[in-house]
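Q: I'll drop the sequence and a predicted model, then ask my questions.
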Amino acid sequence: MQSSIVVRTTTCSPRSEGDVARTTANGIDIHYELAGPEGAPVVTLSHSIATDSRMWASQVETLASRFRVLCFDTRGHGRTDAPPGAYSLGRLAEDANALLAALGIERTHFVGLSMGGMIGQVLALTHPERLRSLALCDTSARMPPEMGPIWDERIATALTSGMEALVEPTIGRWFTPGFIEARSEVVDSVREMIRATDVQGYVGQFDVTIHHKARYIDSLSRFSQGVQRATCLFINPYQGAEVRQIPTAGLESRTYIIDNRNQYSQILSTG
């Protein structure tokens, strides 16, 4: 692992502002929410780009009966600070590690979707002692070079026209026409999250995706220290997508291809 992804963790101090829980961790204020019984095993949920912790509402409802569920807004998203400049996966992983430390969470199951899955891979490699298990969902171990021009176009759109111009194109990529029509309340909530994303945070995260070229999946067999299980979930993977099993080294590794969110929540809740 390159030294460039190692980021100093600052002193953390949890505090509450009304119904909004925040803590200073790794030099920024991070918004988070906890649900479920105190003392239960912790599950940490890390969201995708251009969303925030609200995207996990359905999964929290399922998981909170058995687990202490931690949702947080990634740097640059939701109600977490969006400092200027490009971010890195190392910095985002250290944000997550610092948040866990601030909340006194020694170990957690970690679930990451898309960008959150990239964060989970680096967290597994840099702080394996934090993880009981790792679920990587619709994510990538690297970003192919041909995606660069596409990300450049999205960055330019955000900078010149704001997030509103990205709402419908993003919705069209993420949801089928049938789902948009049948579940308008779900899609509208995602529209709101995209629209509310800080432009600086969105642009800063694209440095993460564009430069995500290391094949972390080939290194994940090293993270077996204390980790019991690694799970990959793909929801209707696009044609030509490479579906890879995590190399095993004394840990249980599972891969699922699923087509609806009920299956998704069930797999997460049962392991």
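A: Here it is on my side, so go on.

Q: Report the residue spans of the stretch 151-271 of the chain with pLDDT below the cut-off.
A: Scanning the stretch 151-271 of the chain for pLDDT under 70 picks out 207-271.

Q: again, only using 90
A: Along the stretch 151-271 of the chain, the parts satisfying pLDDT under 90 run over 151-152, 175-176, 179, 204-271.

Q: And the stretch 1-150 of the chain, by the same measure?
A: Applying pLDDT under 90 to the stretch 1-150 of the chain flags the ranges 1-20, 85-86, 88-90, 114, 118, 121-122, 124-125, 128, 133-150.

Q: just the strands in the stretch 51-200 of the chain please.
A: 68-72, 108-113, 131-137 (DSSP state E, counting those that start in this stretch).

Q: right, so of those, which gets closest to residue 33?
A: strand 68-72 (5.0 Å; C-beta to C-beta). (C-beta placed from N, C-alpha, C; glycine too.)

Q: related to what we said a few turns ago, want to throw the strands of the stretch 51-200 of the chain into a markdown table with distance to residue 163 and mean neighbour count?
A: Converted to a markdown table, these look like this (distance: least, C-beta to C-beta, whole Å; neighbours: other C-beta atoms under 10 Å):
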| stretch | distance to residue 163 | mean neighbour count |
| --- | --- | --- |
| strand 68-72 | 20 | 25 |
| strand 108-113 | 19 | 26 |
| strand 131-137 | 24 | 24 |
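
Q: Now do the helices in this protein.
A: 57-63, 89-102, 115-126, 148-161, 164-174, 177-182, 184-196, 199-210, 261-270 (DSSP state H).

Q: Export these as a markdown table, with columns for mean neighbour count and distance to residue 134.
A: Listed next are the helices of the chain as a markdown table, based on neighbours: other C-beta atoms under 10 Å; distance: least, C-beta to C-beta, whole Å:
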| stretch | mean neighbour count | distance to residue 134 |
| --- | --- | --- |
| helix 57-63 | 17 | 16 |
| helix 89-102 | 24 | 12 |
| helix 115-126 | 25 | 5 |
| helix 148-161 | 14 | 25 |
| helix 164-174 | 14 | 23 |
| helix 177-182 | 11 | 28 |
| helix 184-196 | 15 | 24 |
| helix 199-210 | 21 | 18 |
| helix 261-270 | 15 | 12 |
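
Q: Residue 50 is nearest to which of those?
A: Among the helices of the chain, the nearest to residue 50 by C-beta to C-beta is helix 184-196 (4.8 Å).

Q: Please work out which residues outside stretch 62-72 touch it.
A: Residues from elsewhere that reach stretch 62-72 (C-beta atoms under 8 Å, 6 or more residues apart in numbering): 30-47, 53, 56, 59-60, 80, 96, 99-100, 103, 105, 108-109, 265-266, 268-269.

Q: what's the first-to-last distance across it?
A: 17 Å (C-alpha to C-alpha, to the nearest Å).

Q: any idea how far residue 79 is from residue 63?
A: According to C-beta to C-beta, to the nearest Å, residue 79 stands 22 Å off from residue 63.

Q: Residue 175 is nearest to which of the strands of the stretch 51-200 of the chain?
A: For the strands of the stretch 51-200 of the chain, proximity to residue 175 was assessed by C-beta to C-beta; strand 108-113 is nearest, at 14.5 Å.

Q: Can you tell me which helices and strands that closest one packs against?
A: Packing partners of strand 108-113 (3 or more C-beta pairs under 8 Å, 6 or more residues apart in numbering; DSSP states H and E): strand 42-46, helix 115-126, strand 131-137.

Q: Measure how that strand sits relative to strand 131-137, angle-wise.
A: With axes from the mean of the first three to the mean of the last three C-alpha atoms, to 10 degrees as the basis, strand 108-113 and strand 131-137 are set at 10 degrees to each other.

Q: Which strands border strand 108-113, and is each parallel or antiparallel?
A: strand 42-46 (parallel), strand 131-137 (parallel) (DSSP bridges).
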